[in-house]
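**Student:** have a look at this prediction, sequence included:
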Amino acid sequence: MRLMLMACLVLMDGCIPSAFPSTGLIHPDDLIYLGAFRLPDGPPEIGWEWSNWASALAYYPDGDPEGPDDGYPGSLFGTGHDWNQYVSEISIPAPVSSPTKDLAELNVAATLQEFSDIRGGMFGYMEMPRVGLAYLPPQGDQTTGKLYFAWAPHMGEGEYRPSHGWCELDLADPRPAGPWSIDGYCNYVTGDYLFPIPAEWADRHTPGMYLATGRFRDGGQGGQGPSLLAIGPRNEGNPPPPGYVLSAIPLLLYGSVYQEGSPTLEGYHHSDEWSGGAWLTAGDRSAVIFVGTKGLGDCWYGCPDGTTWPEEPPYPPECPDRGWWSTRFVGQFLFYDPGELAAVARGEMSPWEPQPYATLNVDKYLYHITSERQKHHLGAAAFDRRRGLLYVLEPLADGDKPLVHVWRVR
């Protein structure tokens with residue numbers, strides 16, 4: 001199709017200056033790399049092996065109450081093997097920065113709750129499913145905090161199928177509620193990453209909506225950049241009934257390829273991957289970040305060797321991994337100004353107007369960079385707001401398992 005041959009812009013892989021005042025913002029220099037830790041072994045086709053770009057991660061502040069007093073309290077919920085995406089809870093060991101990137105030097109997390117299917121059969125078979133997880137403490141008259149989730153298939157053009165729900169934290173008895181869809185927004189912009197919105201910000205700009213949801217779909221079929229919407233399932237029931245349509249406030253949403261000339265992320269590539277996000281805070285400073293893999297240089301639809309797939313036959317020999325490619329890829333964080341997202345929530349800016357005020361290339365910390373044309377540098381993210389600790393997965397860095405990398409926001 002004609003869209004396959006669209007020109008792609010270039011986004012620098014270092015920091016880019018902000019066009020807006022920087023007062024109150026967290027900058028790349030404020031993220032201090034602490035190191036990484038390994039994930040425990042698990043059962044075949046369920047454990048952490050092959051939990052990669054479609055993974056999910058959520059921080060739980062009250063997890064592992066008997067753990068050591070090492071400065072890394074709480075626990076992480078995450079999804080295992082991409083085929084099944086069961087959920088497990090793990091401890092958080094102290095990260096280790098290994099100058100030689102020696103896996104043997106890293107600490108290993110312990111399993112707190114074994115892998116379990118928390119969905120209760122509410123979703124059918126999904127091809128290459130996308131998934132998000134987030135923890136929120138009790139809302140309103142709730143007596144327990146909930147683990148919120150989102151599931152949607154990789155393919156599903158124009159679908160608005162139910163995708164969100166919540167469950168209890170006991171994975172052996174999760175009692176899931178849902179699924180719910182997001183009013184007016186298709187799965188291509190809603191059905192992936194989830195993370196908490198700081199309560200103080202939400203109370204001012206999205207009352208009762210303490211959860212951010214979004215997705216980036218390669219090829220620009222949802223939006224040509226990461227999307228973000230505020231939702232508050234507890235506002236609409238405890239729980240809302242199955243099939244309920246949740247209201248949402250858009251905070252970030254670029255145009256899709258179906259709208260010719262529509263706005264995009266600066267330097268957008270169809271091959272980009274924004275696989276996770278977090279709302280960082282440190283005192284009176286903040287930033288909304290997206291983590292993923294950024295395409296640089298030229299961009300094309302076709303084969304990794306640079307072969308562009310034609311719109312009409314004759315076609316070249318079929319190749320593995322046919323899709324969107326770029327000259328090279330980097331693991332990158334995008335930094336957005338929460339003040340601009342507030343302006344979007346108030347209707348003072350359009351959701352496609354905010355642009356990153358900075359970027360951060362994190363490849364120097366990663367263990368599994370095999371070539372400049374390697375995709376899937378980063379996976380999901382989670383944030384410990386109380387201690388300013390950011391956890392980010394690196395797929396396939398420990399054999400077939402991810403590593404968890406840790407940064408502290410100073």
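**Tutor:** All right, it came through fine.
**Student:** and residue 148, helix, strand or coil?
**Tutor:** What DSSP: H, G, I helix; E, B strand; the rest coil gives for residue 148 is strand.
**Student:** so it makes contact with residue 165?
**Tutor:** Yes. At 7.4 Å, residue 148 counts as touching residue 165 under the criterion of CB atoms under 8 Å. Glycine gets a C-beta too; all of them are placed from N, C-alpha and C.
**Student:** for beta bridges, what are the partners of residue 273?
**Tutor:** residue 293 (DSSP bridges).
**Student:** roughly how far apart are the residue most central in space within the chain and residue 67?
**Tutor:** Ranked by distance to the mean C-alpha position of the chain (CA atoms, centre = their mean), the top residue is residue 276 at 1.4 Å. Separation of residue 276 from residue 67 (CB to CB, to the nearest Å): 24 Å.
**Student:** again, but for residue 232
**Tutor:** Taking CB to CB as the criterion, residue 232 is separated from residue 67 by 31 Å.
**Student:** between these two, which one's more packed in?
**Tutor:** Using other CB atoms under 10 Å, the more surrounded residue of residue 232 and residue 67 is residue 232, with 21 against 16.
**Student:** got a list of what the closest residue in space to the more buried one that isn't next to it in sequence touches?
**Tutor:** Spatial nearest neighbour of residue 232, chain neighbours left out: residue 209 (3.7 Å); criterion: CB to CB, 6 or more residues apart in numbering. Residues near residue 209 by CB atoms under 8 Å, 6 or more residues apart in numbering: 197, 202, 230, 231, 232, 235, 248, 249.
**Student:** most neighbours among those, please name it.
**Tutor:** Result: residue 231 is most packed of the contacts of residue 209 (other CB under 10 Å), 28 neighbours.
**Student:** wait, isn't that residue in contact with residue 166?
**Tutor:** No. Using CB under 8 Å, residue 231 is not in contact with residue 166, being 11.3 Å away.
**Student:** quote the end-to-end distance of stretch 187-197.
**Tutor:** With CA to CA, to the nearest Å as the measure, stretch 187-197 spans 20 Å from end to end.
**Student:** for stretch 234-252, same thing?
**Tutor:** End-to-end distance (CA to CA), stretch 234-252: 22 Å.
**Student:** in that stretch, what's buried?
**Tutor:** 234-236, 239-240, 244, 246-252 (16 or more other CB atoms under 10 Å).
**Student:** ok now that stretch, how far from the chain's centre?
**Tutor:** Chain-centre distance of stretch 234-252: 20 Å, with CA atoms, centre = their mean, to the nearest Å.
**Student:** what's stretch 361-373 in contact with?
**Tutor:** 13-14, 33, 36, 101, 103, 304, 325-333, 377-378, 392, 394-398, 403, 405.
**Student:** just the buried subset of those, please.
**Tutor:** 13, 36, 325-327, 329-333, 377-378, 392, 394-398, 403, 405.
**Student:** so residue 340 lies in a helix, does it not?
**Tutor:** Yes. Counting by three-state DSSP, residue 340 is found in a helix.
**Student:** that one is in contact with residue 353, isn't it?
**Tutor:** Yes. With contact defined as CB under 8 Å, residue 340 and residue 353 form a contacting pair (7.3 Å).
**Student:** so which of the two has more stuff around it?
**Tutor:** Legend: neighbour count by other CB under 10 Å for residue 340 and residue 353, higher for residue 340 (19 against 13).
**Student:** what's near enough to touch the closest residue to that one other than its chain neighbours?
**Tutor:** In this structure, residue 340 finds its nearest non-sequential neighbour in residue 354, 4.2 Å apart by CB to CB, 6+ apart. Residue 354 makes contacts with 252, 336, 337, 340, 341, 344, as judged by CB under 8 Å, 6+ apart.
**Student:** can you give me the pLDDT of residue 354?
**Tutor:** We have a pLDDT of 98 for residue 354.
**Student:** just list the residues touching residue 177, thanks.
**Tutor:** Here residue 177 is in contact with 165, 166, 167, 239, 240, 242 (criterion: CB under 8 Å, 6+ apart).
**Student:** the last one: what secondary structure?
**Tutor:** Remark: residue 242 carries the secondary structure label coil [criterion: three-state DSSP].
**Student:** wait, doesn't it sit right on residue 181?
**Tutor:** No. Applying CB under 8 Å as the test, residue 242 and residue 181 come out as separate, 10.6 Å apart.
**Student:** quick check: neighbours shared by these two?
**Tutor:** Here residue 242 and residue 181 have residue 162 as joint contacts, going by CB under 8 Å, 6+ apart.
**Student:** okay, and the beta partners of residue 194?
**Tutor:** residue 213.
**Student:** Throw the contacts of residue 177 into a markdown table and include pLDDT and distance to residue 41, thanks.
**Tutor:** Shown next, in a markdown table, are the contacts of residue 177 (pLDDT from 0 to 100; distance: CB to CB, whole Å):
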| residue | pLDDT | distance to residue 41 |
| --- | --- | --- |
| 165 | 98 | 29 |
| 166 | 98 | 29 |
| 167 | 98 | 25 |
| 239 | 98 | 35 |
| 240 | 98 | 38 |
| 242 | 98 | 36 |
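**Student:** and which of those residues is nearest residue 281?
**Tutor:** Using CB to CB, residue 166 comes nearest to residue 281 of those, at 23.2 Å.
**Student:** what's the nearest residue to the closest one if we skip its chain neighbours?
**Tutor:** residue 146 (4.1 Å).
**Student:** low-confidence stretches in this protein?
**Tutor:** By pLDDT under 70, the weakly predicted segments of the chain are 1-23.
**Student:** what about the helices in it?
**Tutor:** For the chain, the helices defined by DSSP state H cover 199-205, 338-345.
**Student:** of the ones you listed, which stretch is the most buried?
**Tutor:** Mean neighbours per residue, mean count of other CB atoms under 10 Å, is largest over the helices of the chain for helix 338-345, with a mean of 20.
**Student:** which strands and helices lie in contact with it?
**Tutor:** helix 199-205, strand 249-252, strand 285-302 (3 or more CB pairs under 8 Å, 6 or more residues apart in numbering; DSSP states H and E).
**Student:** next, format these as TSV and append distance to residue 110.
**Tutor:** As requested, those are exported to TSV (distance: least, CB to CB, whole Å):
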stretch	distance to residue 110
helix 199-205	30
strand 249-252	36
strand 285-302	25
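**Student:** which stretch among those comes nearest residue 226?
**Tutor:** Once the helices and strands packed on helix 338-345 are compared by CB to CB, strand 285-302 is nearest, at 4.6 Å.
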